[in-house]
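> Model the structure of this input:
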Amino acid sequence: MRASLIQIAVNEDETVEARRLRVASLVRQQEGADLVVLPELWTTGAFAFEEFGAEAEALRGPTFEAMAKAASDTGVWLHAGSVPERAADGQLYNTSLLFSPSGDLAAAYRKIHRFGFDKGEAVLMGAGHELVTVRLPRTTLGVATCYDLRFPELFRGLVDAGAETLVVPAGWPERRRSHWTLLARARAVENQAFVLACGTAGTHAGVPQAGHSIVVDPWGEVLAEAGPDEEVLTVEFDPAKVAKTREQFPALKDRVLGLEPPRR
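Model (predicted):
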């Protein structure tokens, strides 16, 4: 299976519409890929809090339309990263969009864990409540976003729902890049799953981004890692390795906590 992670640079000198057109063009260049992944909040920048309200879109807004067409034109499964979504009731959400090769919406995921410690995203956006998995021809994707990476119980829930490949778009800051790599590898090892973590480059509202998108196999081995700048990270991986790993080292079968209510 071939995956392309497009590590987009988000810079203030490019308009949202110009970036949207540029990213759609980058997606179309990934012919031959089975799955293309974009980062979190790449239209505005994950730390551009003042832009969330101004650039928020309906679910089927301009980014939806551009990415749906790019997916169908290229014939790829596309995780289009996330956008600031404005729901019908006016509430904002950090919402990921996943498209099939025909351009149909396969799933939408509203980020559950919002970053900010009572400011920024944590107060500007509502929290999602549903775990999302999507079945592809060769693997089942489990979907999470950025700060979710710090909460292993979310990923365990995705694995319980059948996930074999965990996809994490992010706008992760450079100052905590070591955590990014560590957590991506930890989520892969503990869940015996592939992790495809796609970050951004550039600077979001004065916050330098980590870049270093990464693909990790079920043993925690790094298959590919990007640098700090905009680039397309393409990797071939065998989804069957998940089942083989879980058979060779069946640690998930020894789980005790979380499987049933504790005895009183």
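
> need the contact list for the closest residue to residue 67 other than its chain neighbours.
With C-beta to C-beta, 6 or more residues apart in numbering as the criterion, residue 67 has its nearest non-adjacent residue at 4.0 Å, and that residue is residue 80. From N, CA and C alone the C-beta is placed, and that goes for glycine too. Going by C-beta atoms under 8 Å, 6 or more residues apart in numbering, residue 80 touches 38, 63-64, 67, 71, 96-99.

> so which two of those residues are the farthest from each other?
Among the contacts of residue 80, the pair separated by the greatest distance (C-beta to C-beta) is 71 and 96, at 13.8 Å.

> Which of the helices or strands spans residue 60?
Under the assignment given by DSSP states H and E, residue 60 is not contained in any helix or strand.

> just the one 3 residues further on next, same as before
Taking DSSP H and E as the definition, residue 63 sits inside helix 62-74.

> just the angle between whichever helix or strand comes after that helix and helix 62-74, please?
Using DSSP H and E, the helix or strand that directly follows helix 62-74 along the chain is strand 77-86. If you take axes from the mean of the first three to the mean of the last three C-alpha atoms, to 10 degrees, strand 77-86 sits at 170 degrees to helix 62-74.

> Adjust the sequence numbering to begin at 280 for everything that follows.
From this message on, residue numbering opens at 280, which makes the last subject strand 356-365.

> partners of whichever helix or strand comes after strand 356-365 in the sheet?
With elements assigned by DSSP H and E, the helix or strand that comes after strand 356-365 is strand 371-378. Paired neighbours of strand 371-378 in the sheet (DSSP bridges): strand 356-365 (antiparallel), strand 384-389 (antiparallel).

> Include distance to residue 328 and mean pLDDT when you put those strands into CSV, please.
Shown next, in CSV, are these (distance: least, C-beta to C-beta, whole Å; pLDDT from 0 to 100):
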stretch, distance to residue 328, mean pLDDT
strand 356-365, 10, 98
strand 384-389, 18, 98
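
> Which of the ones you listed sits closest to residue 501?
strand 356-365 (19.9 Å).

> ok, the closest residue to residue 405 other than its chain neighbours to residue 280 distance?
The shortest distance from residue 405 to any non-neighbouring residue, by C-beta to C-beta, 6+ apart, is to residue 370 (4.6 Å). Here residue 370 is placed at a distance of 36 Å from residue 280 (C-beta to C-beta, to the nearest Å).

> Check residue 484 too.
Remark: distance between residue 484 and residue 280 (C-beta to C-beta) = 35 Å.

> what's the answer for residue 516, then?
Using C-beta to C-beta, residue 516 is found at 6 Å from residue 280.

> Which one's more surrounded, those two?
residue 516 (21 against 18; other C-beta atoms under 10 Å).

> doesn't residue 447 make contact with residue 425?
Yes: when contacts are counted by C-beta atoms under 8 Å, residue 425 is listed as touching residue 447 (7.0 Å).

> now the strands for the stretch 380-529 of the chain?
384-389, 411-414, 419-422, 444-448, 473-477, 480-483, 486-487, 493-495, 501-504, 510-515 (DSSP state E, counting those that start in this stretch).

> Show me the one of the ones you listed that comes nearest residue 521.
When the strands of the stretch 380-529 of the chain are compared by C-beta to C-beta, strand 473-477 sits nearest residue 521, at 6.7 Å.

> Would you mind pulling up the elements that the closest one packs against?
Counting contacts by 3 or more C-beta pairs under 8 Å, 6 or more residues apart in numbering; DSSP states H and E, strand 473-477 packs against strand 281-286, strand 314-316, strand 444-448, helix 456-470, strand 493-495.

> try 7 Å this time
strand 281-286, strand 444-448, helix 456-470, strand 493-495 (3 or more C-beta pairs under 7 Å, 6 or more residues apart in numbering; DSSP states H and E).

> Out of the ones you listed, which is the most enclosed?
strand 444-448 (a mean of 28; mean count of other C-beta atoms under 10 Å).

> can you list the strands of the stretch 380-529 of the chain in a markdown table and add distance to residue 302?
Below are these laid out as a markdown table (distance: least, C-beta to C-beta, whole Å):
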| stretch | distance to residue 302 |
| --- | --- |
| strand 384-389 | 18 |
| strand 411-414 | 21 |
| strand 419-422 | 19 |
| strand 444-448 | 12 |
| strand 473-477 | 12 |
| strand 480-483 | 13 |
| strand 486-487 | 20 |
| strand 493-495 | 20 |
| strand 501-504 | 20 |
| strand 510-515 | 11 |
